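Peer 1: all I have is the shape, not the residue letters:
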């Protein structure tokens, strides 16, 4: 039953299984294990980024194409929910409508981009997605009457999902709408992750991997490479948009910085590479480590900066504003020395 | 036995429509300029916009030329190219700011000297940086596009962050040297001096680049290498060394483009290279990967279209580049002048 | 066979996950034409590409004129004196015939006397000197490709199927050119499917099968022994 739920794709490493179980339990019981606004915030972010990163891995790891438009699709889902809630008022109907429209728009746009770029050379895709994503980001910030521009949009979601909705107490923890909201996020993310796991382990997923390994051979066997790549792009975009919708439901706010910025794109890339490309479980590990580090390590850098304040040069490198630089270095090093990521290492260790 | 008759080279048989098809990319810029004239209506505005469009195009071309050759020659796609643009701008502008006594003086000689020094500093630093970048970042990932993209993006982030560390996170404002301020009036149109200069420099560089590519042996090796690197090596040329040279030259040109762009905008930011990269990629794609001529035409199209539309329909200008790219790729999926690979 | 110009011993080459050469032992004698024969897909092209260095030998050694070149990069092998004419001719189509030839002179300017000689061997090159090489006919491209390899004095020429897809009249020009090259004392390793051409040009023969050399000997012997031809190369020869 459990194996079937995982589509037969077992973690294949004892250590990995244990880590995944710990993450699962911590996320499932987060409101009770780690009470407090900030830790719940972190847990929800981890859930959402697991889906976002896993959907990106469907492209990067399984299909072998690099996209820089993943935040754009993420943003489409988020803005879908925001605009629907903004115009139609609070309610589950607008949430559902916004989510659906966002995912549809993402899918259609992905097909269009795919048809333009994947037809010729896969590397066109990286450049074209970068250009399209930046154009969309500019449009969002310019058409402020619709999108709220740089300020973004605040909107209301159903009361049942807000802290104002109180239900009582379980195990000393006050149950309110925010916790219900968290579980909505948790279960939706879980379902989407299992769906992605199913996709990559289906015959469709196998064809994608065959194309990644040897495009010409796959074409020669008779698979329409462009079709498969475009379909993967479309699926990946739609799931990213769904993750964006969840994010919008959780935050009750969308803005260019939280959904569309190039920085988030880099975060996603880093999470995929660190976790392990081409393994859905890598997304879980990568997203968890990264979000935790982002939330807590930056503080640590601040402390380290102060501690070394009297030394020359060093404090400049430890400035929390230099967070991104260290990510860049880490990124390069992982691609060189750690191309299979943490999951790859753990699995290799089991065999060795 | 499909060999053509032995005595006629096939190009003699090209029909008029074939020729037109071949020449079409070269006609696009003049056609756009003429269309712009009719759409805008007034000669003076049209002239002003055309010059600024050409100036912008030339600067983008300077930044893009190295990238397209690097790709053509070694199949290396460098997402970190934008870092050279930023570094060039920061180094060049720092020199100019340090020489503010010279740039502020109304003396033509001192002005020119200051700008030349700034340009040389930018070229030297970005050239050296390009050499290091090739060694450290690019060399370990030859032949693997996926890794190239990832690693060079990483390189871009690190260099941008280092810029912020050295020069601070705030944008830097500057004023152009005295002699580059102001405009000349021509046929009732005010044309900024600096834009004219940018057009002239761009043209000179384009012509020089073509001369090198067409008339020198190094140029021959580069052109042949773009088409079929394996064969160039089999003849006995060390293509790697040529490639490193092109990489360094391309980085230095990006640095030069950065200085010019900084002087054009009169403000520089660490992220400017990243922003310019998007235009550079569009230009390289629509020009046809590996083609210097294609990048030149593409850059002029981007610059002109953006300036015309910004005047005619400002909101439309936001997506003019994407629309241009989509249109060109629908017409020619490989870009306007793709380099024909022999294999 | 004393003092061969090229010796391959136990050369294995992989292309991606495929094991193509499985221990090639081959000696190319100094002067004269060695034919490399065999069915399609037995590894003839891979052998030539391994010698010039486009594929790296996984194991085994390649020695050229007494020195081990197994670890040398491609350009160094070329400069050591190996000329290469690939199966696809490797013409630079955007460059003119002249530019192709100028490039072929690696160590300096093109020698005018040598060029005149090449013009007499391949007259079309002179006619289309300024034309883009991409507009030449297939036969003319093949002439250019061989002329390019001959632009400088090389000690060994690796030539991959120079008559493939050519009209009979052009094949005889090509054969004449190779004979001319041979007369100058060059050593040639030639892959050829056209057995009548092979018979006319070859001095010695190596036959490949499944990534190995299975037979070496004199052309004279193979040419007269139909049973041997049948056994070594089977049906591939019937087409010609």
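Peer 2: Yep, it's here. Being a predicted model, the structure only gives us computed values, none of them experimental.
Peer 1: and stretch B:43-62, how far out from the chain's middle?
Peer 2: Chain-centre distance of stretch B:43-62: 14 Å, with Cα atoms, centre = their mean, to the nearest Å.
Peer 1: is any part of it close to chain A?
Peer 2: No. Using Cβ under 8 Å from any Cβ of the partner chain, stretch B:43-62 stays clear of chain A, with a minimum separation of 13.1 Å. To be clear about C-beta, it is placed using only N, CA and C from the backbone, and glycine gets the same treatment.
Peer 1: and for stretch B:76-86?
Peer 2: Yes. Residues of stretch B:76-86 are located near chain A by Cβ under 8 Å from any Cβ, namely B:77, B:79.
Peer 1: give me the phi and psi for the closest residue to residue C:211 other than its chain neighbours.
Peer 2: Leaving aside its sequence neighbours, residue C:211 sits nearest to residue C:22 (Cβ to Cβ, 6 or more residues apart in numbering or on different chains; 3.8 Å). Per-residue torsions, residue C:22: phi -120, psi 60 (degrees, to the nearest 10).
Peer 1: residue C:22 bridge partners, please.
Peer 2: residue C:12 (DSSP bridges).
Peer 1: just checking, it touches residue C:213?
Peer 2: No. Counting by Cβ atoms under 8 Å, residue C:213 is not a contact partner of residue C:22; they are 10.5 Å apart.
Peer 1: more neighbours, those two?
Peer 2: Taking other Cβ atoms under 10 Å in any protein chain shown, residue C:22 and residue C:213 do not tie; residue C:213 has more neighbours (21 against 14).
Peer 1: determine the number of other residues adjacent to residue 206.
Peer 2: Picked chain A for this. 12.
Peer 1: let's do chain C instead
Peer 2: Neighbour number of residue C:206 under other Cβ under 10 Å is 24.
Peer 1: wait, it sits on residue C:36?
Peer 2: Yes. Using Cβ under 8 Å, residue C:206 and residue C:36 qualify as a contacting pair, with a distance of 5.4 Å.
Peer 1: which residues touch stretch A:199-209?
Peer 2: A:7-9, A:58, A:62-63, A:218, A:223, A:228-229, A:231-232, A:235, A:278, A:280 (Cβ atoms under 8 Å, 6 or more residues apart in numbering or on different chains).
Peer 1: tell me which residues of that stretch come out buried.
Peer 2: A:199, A:200, A:205, A:207, A:208 (16 or more other Cβ atoms under 10 Å in any protein chain shown).
Peer 1: likewise stretch A:254-261?
Peer 2: Buried-residue list, stretch A:254-261, by 16+ other Cβ under 10 Å: A:254, A:255, A:256, A:258, A:259, A:260.
Peer 1: cool, and stretch A:324-335?
Peer 2: A:324, A:325, A:326, A:327, A:328, A:330, A:331, A:332, A:334, A:335.
Peer 1: on that earlier part again, the buried residues of stretch A:254-261: which ones sit near chain B?
Peer 2: Okay, of the buried residues of stretch A:254-261, nothing touches chain B (Cβ under 8 Å from any Cβ).
Peer 1: quick one, strands of the chain?
Peer 2: I'll assume chain A. Here chain A has its strands, by DSSP state E, at A:153-154, A:166-170, A:173-176, A:253-254.
Peer 1: other chain: chain C
Peer 2: Going by DSSP E, chain C shows strands at C:6-15, C:18-28, C:32-37, C:59-64, C:67-68, C:82-85, C:156-160, C:187-191, C:204-209, C:212-218.
Peer 1: so for residue B:245, which of those strands sits nearest?
Peer 2: strand C:82-85 (24.1 Å; Cβ to Cβ).
Peer 1: if we can go back for a sec, any idea which of the strands of chain C is most buried?
Peer 2: Stretch with highest mean neighbour count among those: strand C:82-85 (a mean of 27; mean count of other Cβ atoms under 10 Å in any protein chain shown).
Peer 1: check which helix or strand covers the closest residue in space to residue B:297 that isn't next to it in sequence.
Peer 2: Once flanking residues are discounted, residue B:297 sits nearest to residue B:25: 5.5 Å by Cβ to Cβ, 6+ apart. Assigned by DSSP states H and E, residue B:25 falls within helix B:16-40.
Peer 1: who touches that helix?
Peer 2: Residues from elsewhere that reach helix B:16-40 (Cβ under 8 Å, 6+ apart): B:14, B:43, B:46, B:49-50, B:294, B:297, B:300-301, B:304-305, B:308, B:311-312, B:336-337.
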